[in-house]
Every structure is written in C-alpha cells, then in structure tokens.
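Colleague: output the structure for:
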Amino acid sequence: MTDRGTAGPSVGDGATGRRREILLVEDSQGDIRLIREALREICGGHVLHVVNDGVEALAFLHRTGAYVSAPRPDLILLDLNLPRKNGREVLYEIKRDANLRDIPVIVLTISTAEEDIMTAYRLQANCYVIKPVNLDNFFRVLNSVARYWLSDSRAGDGDGHVG
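Modeller: Numbers count the residues shown, from 1 in each chain. As a prediction, this is how the structure comes out:
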C-alpha cells in the first residue's frame, strides 16, 4: 500500500520550490508516523510515498502492478529489516539497475551491527542512519538527512559524495 501525501506546507524546498518525491520503505507503523511527522516539520511540501515491504518497494520502483503510475522518487529511505524481501536485497536490486542506481538510498534502521553497516555501504547505500530511540534525536537526525539529501544541489545527484 502506498501512503501518498504531502509532508505539509512548503518549507525548505530550495530555490526552485520543486516538490521532491520520497519513498519510505518501512514496516513499522510507529516509525512511519514519526518519519512522516518529522518530514512535515523539517521539509514540508514534499510528497511521501510509503510501502511496507521489499516486494512492494521494487514494484513501486519498477512501476509494476498497483504502482504502474508511481513517480520516480528523488530519495529512498530504506529499513533493513523488512518482510518478504529484506532491505539488503532491495538495496542490491536498486543499485544494480541502471535506471534506479542514481537515486540516493538512505538506510534508516535500528541495526548497530558493524556487519549491517559494512554490507549497506558495500551495496552502495548513500548513507547509513541508525534510528535514535530518543524522539528529539530522531527529529534531529532526520532533519540533517532531509536537509542534505533533499537540497537542490543534491537531489538527483546520487553519487554519494559530499560537496
């Protein structure tokens, strides 16, 4: 299921005011609510699409089935621990697809395991973010991620390089 809706009034859309399409791949309803609220406060005006597992994520990205008219996201927020197809498999498929590999993928997960971090970067994640437990820290981290990856100078760049 895609949860399509704007993140709120237009704030921080950059000089162009272009609305960014964000794909959130997350199965935790609580985390979805937190991320939606954080993005609304941080960078409202963007469109957030939510899918709940890896199979849905790939259908959305490949515009198949129920997602035939899905937009191409400017940013993907990807949890690692997903049903049906895990985030590592989704990341691998995104980065090996010439039509998708330039979309920035931010791994947003609770895993602090070094193996998960190294695997994500080996699979070419653009950023690995550990979900903070504290609500204020959660908003602060999402603020940093969103402001950087959704800025006009970054959106669509996808090369993973800072600067």
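
Colleague: okay, and the spatially most central residue of the chain sits in which element?
Modeller: Centroid-nearest residue in the chain: residue 77, 1.7 Å away (criterion: Cα atoms, centre = their mean). Residue 77 belongs to strand 75-78 when assigned by DSSP states H and E.

Colleague: quick check: the residue nearest to the centre of the chain touching residue 108?
Modeller: Yes: judged on Cβ atoms under 8 Å, residue 77 makes contact with residue 108 at a distance of 4.9 Å. Every C-beta, even on glycine, is put in place using the N, C-alpha and C of the backbone.

Colleague: pull up the overlap in contacts between those two.
Modeller: When contacts are counted by Cβ atoms under 8 Å, 6 or more residues apart in numbering, residue 77 and residue 108 have 26, 35 as shared neighbours.

Colleague: which stretches of this protein form strands?
Modeller: In the chain, the segments counted as strands under DSSP state E are 5-6, 21-25, 47-51, 75-78, 105-109, 127-130.

Colleague: how many other residues sit next to residue 61?
Modeller: Residue 61: 23 surrounding residues under other Cβ atoms under 10 Å.

Colleague: pLDDT at residue 36, what is it?
Modeller: Note for residue 36: predicted pLDDT of 89.

Colleague: ok, what's across the strand from the closest residue in space to it that isn't next to it in sequence?
Modeller: Nearest residue to residue 36, sequence neighbours excluded (Cβ to Cβ, 6 or more residues apart in numbering): residue 48, at 6.0 Å. Listed beta-bridge partners, residue 48: residue 5, residue 22 (assigned using DSSP bridges).

Colleague: gap between residue 48 and residue 110?
Modeller: 20 Å (Cβ to Cβ, to the nearest Å).

Colleague: between those two, which one's more packed in?
Modeller: When residue 48 and residue 110 are compared on other Cβ under 10 Å, the one with more neighbours turns out to be residue 48, at 24 against 15.

Colleague: sweet, I'm off.
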